[in-house]
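Participant: sequence-free structure coming up:
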C-alpha cells in the first residue's frame, strides 16, 4: 500500500473535512461585497442610460416643438428620413470622410513620430512632453487657435511665414492661403489631425517599447536592414496597437462637433452628422428627427467600440501570456 493511497489512523483523531458554507451564506457575502458599488451603478444608469432610453422613445415620434399639438407616433419614419434625406445623407458621408481622413493621417504621422521618439537622444523627455501638448488643449480652444492664429488669411501665422519667406527673395507677391473658404473640409481635417496625432503617438510608442528586443537584436546581428526589421518585426507587432488607436480615434472623431462648429459653422459641405443633429434640433425644431439621427450615431459608435474592446482584451491576454 503506497503512501498516496494509505492513511494512518490515530486513536482519538478524525479525518479533517472541508468546511462548506451554505449557498445562502455565500450569496449574502457576495452581495455584501457588491453593495458598496450599487450607488455608483445606479447613478451611472440614471445619468447615461435613462437619457438614451428617452432619446430612443422620442426618435419614434413626429415631434416639432413649434407644433406640439401635432405630436404623434411616427414609427420608423424618422429613421427612413435620416437615410434618405439629401442633407442628412450628405452629413453621413461627410462624417465618414472626416473620420477616415483624420484617423489615417493621425496614425501615419503618429507612427513616424513614435519611431523617432523611440530612439535615445538628448532632450527626449522634453520632446515627448511638447508633442503631447496639442492633445491636452480643449477642443474649442484648439479650433479657435487654428481659425484665428494659424489659418486666418489676413493675420494668420501660416500666411505670415509665407510672406516672410518670399520677402527674403525680394518678392512681395507671396501666395496667401485661405483654407477656411477654399478648402474648408481640409481645414477641419488639419486641425483634428494636429490634435489627435499625439494620442496615436502615445499608443504606438507604448507598443514600440513593448517589443521583444532580443528578436530585434538577433535580426540586426544577422544583417537585416532597418527597413526589413520594421516591415517584418516592428509592423506586425504594432498591428493591434494600430487597430486600437484607429478604433478609439474613430469613436471620438465620429462625434466631433467642436471643430466643425468653430471653424466653418457647418458651411461649404463640412456639416457632419453631429452638426446636422444640432441644426435639426435647434433650428428646425424637429425633436423626433434629431433624436433618430442621434441614435444612428450611437449605434455606429457602439459598433466601433465593440471592436475596440475586443482589441483591448486581446492585448491584455497577450501581455498576460508573457
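Facilitator: Received it, and whenever you're ready, just let me know what you need. Just so we're clear, the structure is a prediction, and the values are computed from it rather than from any experiment. Residues are numbered from 1 along each chain as shown.

Participant: can you pull out the strands in the stretch 201-322 of the chain?
Facilitator: Counting by DSSP state E, counting those that start in this stretch, the stretch 201-322 of the chain forms no strands at all.

Participant: any chance you could map the helices in it?
Facilitator: With DSSP state H, counting those that start in this stretch as the criterion, the stretch 201-322 of the chain has helices at 213-221, 226-229, 235-253, 258-263, 273-282, 287-320.

Participant: my read: residue 193 touches residue 105, true?
Facilitator: Yes: contact criterion CB atoms under 8 Å: residue 193 and residue 105 qualify, at 4.7 Å. Where you see a C-beta, it was placed from the backbone N, CA and C, and this is true even at glycine.

Participant: The stretch 1-150 of the chain: strands as residue ranges?
Facilitator: Counting by DSSP E, counting those that start in this stretch, the strands of the stretch 1-150 of the chain are 61-62, 72-73.

Participant: Return the most buried member of those.
Facilitator: strand 61-62 (a mean of 18; mean count of other CB atoms under 10 Å).

Participant: Which strands and helices lie in contact with that strand?
Facilitator: On a contact count with 3 or more CB pairs under 8 Å, 6 or more residues apart in numbering; DSSP states H and E, strand 61-62 meets strand 72-73, helix 77-84, helix 287-320.

Participant: Make a markdown table from those and add distance to residue 116 and mean pLDDT to it.
Facilitator: Below are those laid out as a markdown table (distance: least, CB to CB, whole Å; pLDDT from 0 to 100):
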| stretch | distance to residue 116 | mean pLDDT |
| --- | --- | --- |
| strand 72-73 | 58 | 87 |
| helix 77-84 | 44 | 88 |
| helix 287-320 | 23 | 80 |
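
Participant: right, and these - which one's nearest residue 33?
Facilitator: Set against residue 33 and scored by CB to CB, the helices and strands packed on strand 61-62 come closest in helix 287-320, at 23.2 Å.

Participant: now the angle from the closest one to helix 77-84?
Facilitator: Angle of helix 287-320 versus helix 77-84, following axes from the mean of the first three to the mean of the last three CA atoms, to 10 degrees, is 70 degrees.

Participant: Can you tell me, leaving aside adjacent residues, what's nearest to residue 113?
Facilitator: In this structure, residue 113 finds its nearest non-sequential neighbour in residue 201, 4.7 Å apart by CB to CB, 6 or more residues apart in numbering.

Participant: same check, this time on residue 246
Facilitator: According to CB to CB, 6+ apart, the nearest residue to residue 246 is residue 103 (5.2 Å).

Participant: so how many other residues sit close to the one you found?
Facilitator: The burial count assigned to residue 103 is 23, neighbours taken as other CB atoms under 10 Å.

Participant: do residue 266 as well
Facilitator: Residue 266: 20 neighbours (other CB under 10 Å).

Participant: re earlier: can you pull the contacts of the residue nearest to residue 113?
Facilitator: Listed by CB atoms under 8 Å, 6 or more residues apart in numbering, the contact set of residue 201 reads 109, 110, 111, 113, 114, 117, 131, 132.

Participant: Nothing else from me, thank you.
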